Structure formats: structure tokens, C-alpha cells
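Trainee: fold the following for me, if possible:
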Amino acid sequence: MQEIEKNVLLDVAEWSQFSCRTVAGFGIFYTVVAIGTIHLAAIFAGRWFSVSATGWRARNIRIAVKGFRVFPLLLFLMLGAIVLFQHHRRELFTDSANLVETGCYMLDDYRYEMPLERLRGRYEQSYSKGWHDEVIFSAGKSYRELSVDIGNTRYLANIRNLAPVAVEAYLREIKTRQ
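Mentor: Residues are numbered from 1 along each chain as shown. This is a model prediction of the structure:
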């Protein structure tokens with residue numbers, strides 16, 4: 001294996017500069033704003049329109065919100081937002097001896113490491129609403145696999161240093177698609 005440059009980025013998500021608790025807070029905030037907007041729209045629809053069905057629905061929504069009958073739905077949506085926002089917090093990079101992934105697991109940060117000397121990379125593609133091209137890194141059965149989307153990454157040169165055969169397979173596949 002060729003000499004690997006140390007401390008290089010392979011993948012950085014949009015919100016990686018924030019902590020997991022901050023990202024979860026954004027998710028909860030956006031969920032509350034969305035539900036509040038829907039609630040206000042229902043209230044105003046009941047006041048602005050004189051159609052009895054619309055007013056009846058708005059009145060029932062107001063009663064449900066005042067009676068905390070929508071609390072389980074609100075909690076479910078908040079937890080869903082936390083889970084969805086976690087994927088925007090991932091970083092993949094190398095340090096002196098490991099391939100390192102950092103990210104969120106619920107509200108806590110995690111760090112997962114794979115030794116560089118055992119690292120292998122392979123190319124995989126799939127088609128689901130467009131082509132998805134990934135390099136899958138593995139280091140044996142005792143480690144889980146880490147993947148990097150290489151379709152639109154600005155770190156392709158760094159990934160090529162770690163998995164040259166996989167990136168060459170990707171470049172050949174791109175040529176055949178055109």
C-alpha cells in the first residue's frame with residue numbers, strides 16, 4: 001500500500017461544526033415552528049372562511065391543541081427530526097494511524113476508528129432516483145464498514161489516496177454512463 005497522507009478529510013456534512021445537542025435543538029425548533037405554522041393556519045382558516053366544514057376543523061384542531069391531545073404527535077415529530085438531522089453531522093477523516101468517523105448518536109457525539117494498515121476500499125454503485133456511487137471502506141470482520149459518497153464530492157483526490165482501485169473503477173463507470 002502506498003504512503004497515505006495523514007490528517008486529510010474524506011467527507012464533511014453540512015452541520016459538522018455544530019455539536020449534536022445543537023443539531024438536535026435545530027431539529028426540535030424547526031418541528032415546533034412547522035407545527036405552530038400549521039396550527040395558526042388552521043385558526044386563521046376558521047376565522048377567515050365562513051364555510052362550516054373549515055371552521056369546524058379549525059375549531060377541533062384548536063381544542064385538540066389546548067387539551068394537549070397532540071402532544072404524542074409533537075413528540076414523535078421531534079424525535080424524527082432529531083434522527084433526521086443527525087445525518088447532517090458526520091465527518092470522515094484520517095489521523096496519524098486511523099480512518100476516523102465522528103457524528104451523532106441521539107444527543108451524544110461518537111468517534112469510530114479503523115486502522116489504516118488494514119484498510120481496504122471497494123467501489124459500489126446503485127440506482128435509486130439517480131445513480132449513487134460509493135467507496136466502501138472495511139478493515140476486517142471485527143470492524144463495521146464506512147462508506148463515502150463519491151458522486152459529487154470535493155474530496156475525491158483524498159479518497160483516491162486511500163482507495164485508488166475503487167476510485168479508478170468509479171471513473172471507468174462514469175465514462176460508460178455517458
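
Trainee: please make it C-alpha for all contacts and neighbour counts, starting now.
Mentor: OK.

Trainee: in this protein, which spans are strands?
Mentor: Assigned by DSSP state E, the strands in the chain fall at 9-12, 91-94, 98-105, 108-115, 120-127, 131-138, 146-149.

Trainee: who are the neighbours of the first one, in terms of helices and strands?
Mentor: It stands for strand 9-12. Helices and strands touching strand 9-12, by 3 or more Cα pairs under 8 Å, 6 or more residues apart in numbering; DSSP states H and E, are strand 91-94, helix 156-162.

Trainee: what helices and strands are in contact with the shortest one?
Mentor: With contacts defined as 3+ Cα pairs under 8 Å, 6+ apart, strand 91-94 has these neighbours: strand 9-12, strand 98-105.

Trainee: got a list of contacts for that strand?
Mentor: 6-13, 16, 99-103 (Cα atoms under 8 Å, 6 or more residues apart in numbering).

Trainee: please indicate which of those are buried?
Mentor: Buried members of these, counted by 16 or more other Cα atoms under 10 Å: Val8, Leu9, Leu10, Asp11, Val12, Ser16, Leu99, Val100, Glu101, Thr102, Gly103.

Trainee: out of those, which one sits closest to Asn152?
Mentor: For these, the closest approach to Asn152 (Cα to Cα) belongs to Asp11, at 10.8 Å.

Trainee: which non-adjacent residue is nearest the closest one?
Mentor: Leu92 (4.9 Å; Cα to Cα, 6 or more residues apart in numbering).

Trainee: just give me the neighbour total for that neighbour.
Mentor: Here the number of neighbours of Leu92 (other Cα atoms under 10 Å) works out to 21.

Trainee: who does it form a beta bridge with?
Mentor: Asp11, Glu101 (DSSP bridges).

Trainee: how close does it get to Leu107?
Mentor: 19 Å (Cα to Cα, to the nearest Å).

Trainee: next: Glu91.
Mentor: Relative to Leu107, and taking Cα to Cα, Glu91 is found at 16 Å.

Trainee: and these two? Which one has more around it.
Mentor: Glu91 (20 against 16).

Trainee: show the contacting residues for the residue nearest to Arg160 when sequence neighbours are not counted.
Mentor: Distance criterion Cα to Cα, 6+ apart; nearest residue to Arg160, sequence neighbours excluded, is Val167 at 5.7 Å. Listed by Cα under 8 Å, 6+ apart, the contact partners of Val167 are Tyr123, Val135, Ile159, Arg160.

Trainee: tell me, how many residues neighbour the nearest residue to the second one once chain neighbours are set aside?
Mentor: Once flanking residues are discounted, Val135 sits nearest to Tyr123: 4.6 Å by Cα to Cα, 6+ apart. Neighbour count of Tyr123, defined by other Cα under 10 Å: 19.
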